[in-house]
Structures are given as structure tokens and as C-alpha cells.
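# here is a sequence with its predicted model. Questions after.
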Amino acid sequence: MAAVLRSPFVEASDEALLRLKLLGNIGSALERLTPDALAGFAPDDGRKLAEFRERLASWRPARDYTAIDQLLWRAVDECGYQCPAGPRGTANVEKFLAQARAANSRQTLAEFIQDVELLRESKPREPDAPPEDSANAVKIMTVHAAKGLEFLVVFLAALQKGIDAKPGAISFSPRVGLGARWHHPLGRADRDDAKDDAFQHAIRRERKQSEKEESQRLLYVAMTRAEEHLVLSFSTNGKKPQNWAAVVSDCLPVQTVAEPPQRPAARESAVAAESAQALPRPHLTDQYDSQANITSIAMFADCPRRYYLSRYLGFEAMPRAADAIDTSSDLSASEFGRQVHALLAGNAVESPDPEANRLANQFRRSALGRRAAAAASIEREFDFLMEVEGLVLRGQIDLWFEDRSGSALVDYKTDRVSAAEAPLRAEQYAVQLRLYALALERLNGRAPDEAYICFLRPNLAVPVDLRPSLFESPEAAVSAFREAQERQHFPLREAAHCVTCPHFSRLCPARPVPGAAVSPSPA
């Protein structure tokens, strides 16, 4: 935190850092600063610290549903970050952002940070990115590394090579199962007598089709890197073109050359104008996120308009007046929730809030807490990825365990609700738990026997029905989520729950009747 405050993101003075350190942990001190305490800082330092604290509070909730590179770009834009001086400063920052963009498809933010920490500890000799003025040179890049970039002239060479999609000696497919390539025990060492079993054959066909589709997407990405001139080259050695070469030769006239082509002549604007063609606007499809957080699906299922305002457009969800003041804790609601979850997961928390400690100990003494403590198998803060309806869903299960009574799934909530309100509030989280249950079913081969929404403040565990007849609901919710993004249609859903929504009477025009049944309303 001290490094961030001293960096160009904030540019706090040494005196400001010293004052924060005298108050204890710098990060905690920053969050606890009151207007009276800020008055003791130099005016410029006080303004910078107050502004950064507000921005940091807005970034933290967004990290669960925002791509890593987009979150970094948001921080750069909002803080007015200036790249380091020198020809390589901007290039190095852009290189790091490109690495973050590449990591986003396979890692969470926490995993990416862990990799960066390990990389920094190993002190690698990472070369600087080339400065912008070194562009008068040939750059050799993979297609993946060139995503998002453009060049005046692009060469795609060796199009006949293709992608190696052959499975190993032992391979696995969720759809087919486990396949193997078997060797005859008496076969000759100089001859390959290996044979695929039926499962390995099916896996080969499956991977061939998958790699074909991925290969076509990569070819499109590679070709669209060119701004003015694209050269596609391959060698056939007298044989039929293969892989990308076959696609190119089938779709474009192929010119066989014995010498390198001459540099293309400059295009005349008049010639360009004569050859211009008006094309119809293409019909856009598949305009939906390729990945989503489970909490986003649950919020959408509860009310599409709330998801649209909070997650899709990114409007800040201001707390209701009744919920804004928490007399039991000095922490913000999000930080309080993080402390409670960390304590229940058994993680160390520096100077935990007394109320957070009380709620964690209260759950441990409850019937569910005692069952979990005595369970033969238990997982806390269990991260997972799974595919549902073409979307990659990621989530974190607070607690699941297995004992003599069966397997149980538990999700903690620190919402300020009464015991009477808990059953109705639990319905808003039912889709979230059923998606968690679906993930555990795919992992263990069977669904959990029990599921509970555990409201910690009233010390009440509300059971959630996971009967097979209800398992259509998660897939239907994900399918509706995709369709809404595809059509850009997020209708509001007026019901009694609207009065607890942070957008009610502000950005959302809903006017529900207390106690009314849930009924969709046109957007």
C-alpha cells in the first residue's frame, strides 16, 4: 500500500506516509481516516488520500466481474497515471497490460497476483519492451501475442503447418471418458504397433473438430492484424494444401512466385474511391460474455434490471439509508464481510473487528458449525470453473463438507436481516446455491444432499431445496442471461424485494406494491 500511495497513482508525500504509519497498518489507517484526521495532513495530501480511498472502495467490488486488464486500465484512467519517462516507459506498461489481458482467460485476479509475486521473487531478467520509435523493424510474434495490435504489413508464413491436435498416450474427455493408446507387448521396437481403443478414437474426433473451430478463429485474428497489406504464404511440395493453406487456396486466388514480391505501390485515393463497395451491415450474433461470475447470474435471476445497472453498466450501487449505518462495526459492509469470511475459512486477520469475531464464533458453535468441525471431508472457500450453456462460470463456495448424514453445502451471508425476513431473502440466493450444487455434482458425480443459506446476524440457517426437479433452474437462468445480453434487453422485475435494491427510486423506475408477487415488467 505504501508503494501504491508513493507511486504516480497517488503521489502522496513522505510526510503523509509517515503520518499514516504512526496510526498503525497503512492500509487500515487509510480506510479509517476521518475528516478530522485528514485535516492534520497537508491540504494536497489530504485531498489525494481521500480521493484514492473512494476509488479503491469502488474498484474492490468490481474485481469479481471485471477483466484484469480492464480493471487496471480503469485505475490508470481514474488516477491520471502518467507512464514513466523515457522511450520504453509506455511500452513496458502496455506490455504488462497485455500480459494481464492474456492471463484473464485462465486466471482469477488473486491467481494472477500470486504469479506476479512469484515472478518478482525469482528476479527474472525480463527484457524491456521495445520503444515506440523502434517500430522500423520486423517483429516476429505469435497470433495470440498479436491480439489487439495492428501493423501496416503482416506476413503469415507456413500456413500449411496447422495445429497439432493429437491426444497423448492417455487422454480424457468429459463427454467421452478416458481413452488410451495401447502398445503390443511383443511389438518390435523399431515399429509403432500402438492402437487406439474406442474411447481414444472418439476423443481424436472430438479434438479434431474443436481444434478446427479454434484454428479458424485464430486465422481470422491473424489476418485482421494487417492495416494495409497482408501476405499469406505456404509451401505444398507438390501436394494438396493442408490446414490454413487449404482454407486460403479454396477462398482466394493463389499466386505461385519464384522471387520475393515487390513492395506494393502506394494506393491512390481516386483508385480507392472507384473500387469502394457498399456492403450491408452484418447481422451480429453471440454478443454475450464468454465468462461470468456466479453472483452475476444470481443477481440477474433476481432482477435483470439490477444486474444491468450494477454489473453491465457499472453504476455504483449506493446503500439504502436504512443500511448505510452499521452501529455494530466501524468497517464498511464489504470489508466486514471479507473479515467474517476469512475468519470462518481459518485465515489470519490482522486486528479483526469484534463483531466479525462474534459472528464467526457464533457459527462455529451452531449445529452446522459443529457438524463441519467433525466432518470427515471438508472444503472452505473452494474455487471452481465450469461450463454451462456455453458460458464459463466461476465461483467460490464458502463451505461444503461430508459426514455421516451426507454432504452439505453452506453459503454465509452477513446481510442485516431479521429471522422473519430470512426465508424471503434466501429465495434471492437460491439460484446461486443451485449453481454451486451443480458444480459439486460435476466434481463428485452426485449433488449435495443438503444446502443452506446461513444468515450469520440472526444466527439462522435456511435450507435450500435441491431436488432434481429444480435443477432446470440454473441452466435456464444462464440461458436467459445469455439471451438478455444478446438482445440487449434487461427488463425490470417488480416485487417486494425492490425496496431493498440500491437502485430503487434512483436509477430504476420500479414501483412495487409491498408483498406483491414477482412479475416481469416491460423495460
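Happy to help now that I have it.
# could you look up the SS state of E11?
E11 falls in the coil class when you classify it by DSSP: H, G, I helix; E, B strand; the rest coil.
# who's in contact with it?
Residues near E11 by C-beta atoms under 8 Å, 6 or more residues apart in numbering: K48. The C-beta positions use only the backbone N, C-alpha and C, and glycine is treated the same way.
# and A437, by the same measure?
Taking C-beta under 8 Å, 6+ apart, we find A437 in contact with 409, 447-448, 451, 466, 471.
# mind listing what's buried in the strand or helix carrying it?
In this assignment (DSSP states H and E), A437 forms part of helix 430-444. Within helix 430-444, the residues that count as buried by 16 or more other C-beta atoms under 10 Å are 430-440.
# narrow the contacts of A437 to those in strands?
Counting by DSSP state E, the contacts of A437 place 409, 451 in strands.
# list buried residues within the contacts of A437.
409, 447-448, 451, 466.
# so for the biggest helix by length in the chain, what gets flagged as buried?
For the chain, the helix with the greatest residue count under DSSP state H is helix 198-223. Across helix 198-223, burial judged by 16+ other C-beta under 10 Å covers 199-200, 202-204, 206-207, 211, 215, 218-219, 222.
# so what strands line up beside the next helix or strand after it?
Per DSSP H and E, the first helix or strand lying C-terminal to helix 198-223 is strand 226-232. If you go by DSSP bridges, strand 226-232 pairs up with strand 151-156 (parallel).
# how far does the helix or strand following the partner strand sit from the chain's center?
Counting by DSSP H and E, the next helix or strand C-terminal to strand 151-156 is strand 170-173. Averaging C-alpha coordinates over strand 170-173 and over its chain gives two centres that are 27 Å apart (C-alpha atoms, centre = their mean, to the nearest Å).
# export strand 170-173 to CSV, keeping only CA atoms.
Taking Å, rounded to 0.1, in the frame of the first residue of the first chain, the C-alpha atoms of strand 170-173 are listed here in CSV:
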residue,chain,number,x,y,z
ILE,A,170,-3.7,-41.4,-22.3
SER,A,171,-6.3,-38.7,-22.7
PHE,A,172,-9.6,-37.7,-21.1
SER,A,173,-12.8,-36.0,-22.3
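# just checking, what packs against it?
On a contact count with 3 or more C-beta pairs under 8 Å, 6 or more residues apart in numbering; DSSP states H and E, strand 170-173 meets strand 177-182, helix 198-223.
# can you list these in TSV and add distance to D36?
Shown next, in TSV, are the helices and strands packed on strand 170-173 (distance: least, C-beta to C-beta, whole Å):
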stretch	distance to D36
strand 177-182	66
helix 198-223	55
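# of the ones you listed, which approaches I68 most closely?
Closest approach to I68 among the helices and strands packed on strand 170-173 (C-beta to C-beta): helix 198-223, 20.0 Å.
# if we can go back for a sec, could you dump the helices and strands packed on strand 170-173 into TSV and include mean pLDDT?
Below are the helices and strands packed on strand 170-173 laid out as TSV (pLDDT from 0 to 100):
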stretch	mean pLDDT
strand 177-182	83
helix 198-223	80
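# R371: which of these is closest?
Nearest to R371, of all the helices and strands packed on strand 170-173, is strand 177-182, at 34.6 Å by C-beta to C-beta.
# can you list the residues that contact that closest one?
Residues outside strand 177-182 that contact it (C-beta under 8 Å, 6+ apart) are 167-173, 194-203.
# A29: which of the buried residues of helix 430-444 is nearest?
Ranked by distance to A29 (C-beta to C-beta), those are led by Q432 at 34.6 Å.
# per-residue pLDDT, that closest one?
As predicted, Q432 sits at a pLDDT of 91.
# list the contacts of it.
Applying C-beta under 8 Å, 6+ apart, the residues contacting Q432 are 294-295, 297-298, 395, 411.
# please enumerate the strands of the stretch 401-523 of the chain.
406-413, 450-455, 460-463, 493-494, 519-520 (DSSP state E, counting those that start in this stretch).
# which of the ones you listed has the lowest mean pLDDT?
Lowest mean pLDDT within those: strand 519-520, at a mean of 38.
# if we can go back for a sec, which one of the buried residues of helix 198-223 is nearest to P491?
P491 lies nearest to L218 out of the buried residues of helix 198-223, by C-beta to C-beta, at 37.4 Å.
# report how many residues lie close to the residue lying closest to the closest one once chain neighbours are set aside.
The shortest distance from L218 to any non-neighbouring residue, by C-beta to C-beta, 6 or more residues apart in numbering, is to V143 (5.1 Å). If you count neighbours by other C-beta atoms under 10 Å, V143 ends up with 15.
# ranges for the helices of the stretch 351-500 of the chain?
354-365, 367-374, 422-428, 430-444, 472-487 (DSSP state H, counting those that start in this stretch).
# the ones you listed: which one's closest to L149?
It's helix 472-487; of these, that one is closest to L149 (C-beta to C-beta) at 26.8 Å.
# got the contact list for that closest one?
Under the criterion C-beta under 8 Å, 6+ apart, residues 285-289, 292, 296-297, 300-301, 304, 312, 388-391, 393, 430-431, 434-435, 438, 490 lie in contact with helix 472-487.
# for stretch 227-237, same thing?
Applying C-beta under 8 Å, 6+ apart, the contact partners of stretch 227-237 are 150-160, 223, 241, 244-245, 248, 252, 261, 264, 267.
# okay, buried residues for that stretch please.
For stretch 227-237, burial by neighbour count (16+ other C-beta under 10 Å) applies to 232, 234.
# thanks again, I'm all set now.
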